[in-house]
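**Student:** please find the sequence and the predicted model below.
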Amino acid sequence: MTALAELDVLGVDCQSTGATPAHGAMLELGWARRGAPVESVLVTLPEGASIPRAVTRVTGIREGDLVDAVPPIDAWQRLCAERPPGAPALAHFARFERRFFLELQASRGETELPFPLICTHEIARRLLPELPRRGLRALAGYFGWPLAAPRRSAEHVAATLFVWEKLVELLAARGVTDLEHLASWLDAAEPAKPLARGWPMPAEALSDLPRGPGVYRMRRVDGSLLYIGKAKRLRTRVRSYFQRRRRVPDRLLEMLTQARALDVEQTETAVEAALLEHDQIKRDRPPYNVEMAGDGGLFWAAADFSSLAEQPDARHVVGPVIGARVLAGLENLAAWIAASGPIAGAELACGAGALTTTTAAAARTAGAGGGTGAGTGAAAGTGAAAGTGAAAGTGAAAGTGAAAGAGAGAGAGAAAGAGAGSGPGSGSGPGPGTGTGTGTGAGTEADSDSEADADSEADADSEADADADADADADAE
């Protein structure tokens, strides 16, 4: 039997508009034989289907890109024709691809795939159980392949084939050298459950760090840059990444899976460190410094904030706006205004990190008196505040009060921050109603250190592994 190291395999990957065929459609298909150039094609969507904004954000694929798309079955037939006779296919999180491939086979009257489909993620779970994350981006970076942020099939196929080569080396060290042995090993070897995460960063890199201020740079094993950070005390800050703690963001775990080298640059003061960090991030644009690097430039939005364009046109007339995150906020605001109806008055409530417009009074019934209400909760402690239509404090808080007249006039005052509070109100009498309300709010303190999270944005992945042990990486497909 052919050794795994010499086996001709076909790497495959697909992007979609949903996690399963029941929730979306295939959007892109890519494939490549080992050692050959990667091919990828965009595929047409079903009639009436569109690309969700979240998918556009992580893939970069827009509706206009589908002009030259091909029918899914045509792309599938091209992929199958490219496979060497008897060769298996490889995919990371193969059960994701399998669902869409089986649907394509069903359209041809077939119920099985025409080739074995090997999952590199399942192999990695057994070989490297100590890694914090084993998604494709994390695993490729661990081995020294810097996978770009946009989720595209061509890049994922190339990364999957690279990961396969590295896994084959590790399998050989365990005596697994051919396809038959691999199949039996996968059946017999249950993924281990490590008692603690194992950090790929060598211990010696953390043993002799300076105690003063400076800038630190985390790198992959190939030397490529992952992240630049600053610290008042380099030793304390850098070591904090590798201490056992709960609720570590997935994005940070993904980065630390790849971090296998470290260098630091001392400065005289913390201010100098902050300035140096800023300059180096703008110059080098490390992939995990997204908070300071931004999300890709300026765009123009449609009047209803439903889509973006890189240049203004007849539809996209609002702007420029700074990327998809701002657009999402504007769209939410537009939806709130549309749902609120006519607004008779408004107040601005401003807390640390929150600025919210809230209705003070709204009359919705002809001839009805307007009732008013005010929150009267008192502010208590850092991260909590409540007051008359306003909230203030580190973090944020909200209080609401509402009163209604007998003729149905209602008013509400609210302020929203990181926390939320509520209070009932009541009133009576025709015409203008009177009412009282109480509100309390509690907010969580905002993390004052921008270094603590390499990226606060969750990486929504339609290929995400559903295992309860959270092994799956947010691989956003």
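**Tutor:** All right, it came through fine.
**Student:** pLDDT at N289, what is it?
**Tutor:** N289 carries a pLDDT score of 89 in this model.
**Student:** isn't it up against K230?
**Tutor:** No. At 11.0 Å, N289 and K230 do not qualify as touching, with contact defined as Cβ atoms under 8 Å. Placement of C-beta: from N, CA and C, glycine included.
**Student:** which pLDDT value goes with A324?
**Tutor:** In this model, A324 is scored at 57, pLDDT.
**Student:** list the helices and strands the strand or helix carrying L102 packs on?
**Tutor:** For L102, the element it lies in under DSSP states H and E is helix 94-107. If you count contacts as 3 or more Cβ pairs under 8 Å, 6 or more residues apart in numbering; DSSP states H and E, helix 94-107 packs onto strand 10-16, helix 72-82, strand 117-119, helix 120-127.
**Student:** sheet partners, orientation included, of the shortest one?
**Tutor:** Spelled out, it's strand 117-119. strand 89-91 (parallel) (DSSP bridges).
**Student:** can you give me the buried ones in the partner strand?
**Tutor:** Under the neighbour-count criterion of 16 or more other Cβ atoms under 10 Å, strand 89-91 has 89-91 buried.
**Student:** just to revisit the earlier point, N289 and K230 - which one has more neighbours?
**Tutor:** More crowded of N289 and K230, by other Cβ atoms under 10 Å: K230, with 26 against 23.
**Student:** can I take it that that one is in a strand?
**Tutor:** Yes. Remark: K230 belongs to a strand, assigned using DSSP: H, G, I helix; E, B strand; the rest coil.
**Student:** for it, list the residues it contacts.
**Tutor:** 213-216, 270, 273-274, 276-277, 451 (Cβ atoms under 8 Å, 6 or more residues apart in numbering).
**Student:** report the buried members of the residues you listed.
**Tutor:** With burial judged by 16+ other Cβ under 10 Å, the buried subset of the contacts of K230 is 213-216, 273-274, 276-277, 451.
**Student:** which of those sits closest to Y142?
**Tutor:** Y216 (19.5 Å; Cβ to Cβ).
**Student:** beta-bridge partners for that closest one, please?
**Tutor:** Counting by DSSP bridges, Y216 is bridged to G229, V264.
**Student:** so L42: helix, strand or coil?
**Tutor:** Under three-state DSSP, L42 comes out as strand.
**Student:** which parts of this structure are helices?
**Tutor:** 53-59, 72-82, 94-107, 120-127, 136-143, 153-173, 179-188, 204-207, 234-240, 250-258, 270-284, 290-293, 323-340 (DSSP state H).
**Student:** low-scoring stretches of the protein, by residue?
**Tutor:** Across the chain, the ranges flagged by pLDDT under 70 are 192, 194-196, 291-299, 310-311, 320-332, 334-335, 338, 340-477.
**Student:** how about a cut-off of 90?
**Tutor:** 1-2, 35, 84-86, 148-150, 188-198, 243-248, 289-477 (pLDDT under 90).
**Student:** now do the same end-to-end measure for stretch 58-73.
**Tutor:** Across stretch 58-73, the terminal residues are separated by 25 Å (Cα to Cα, to the nearest Å).
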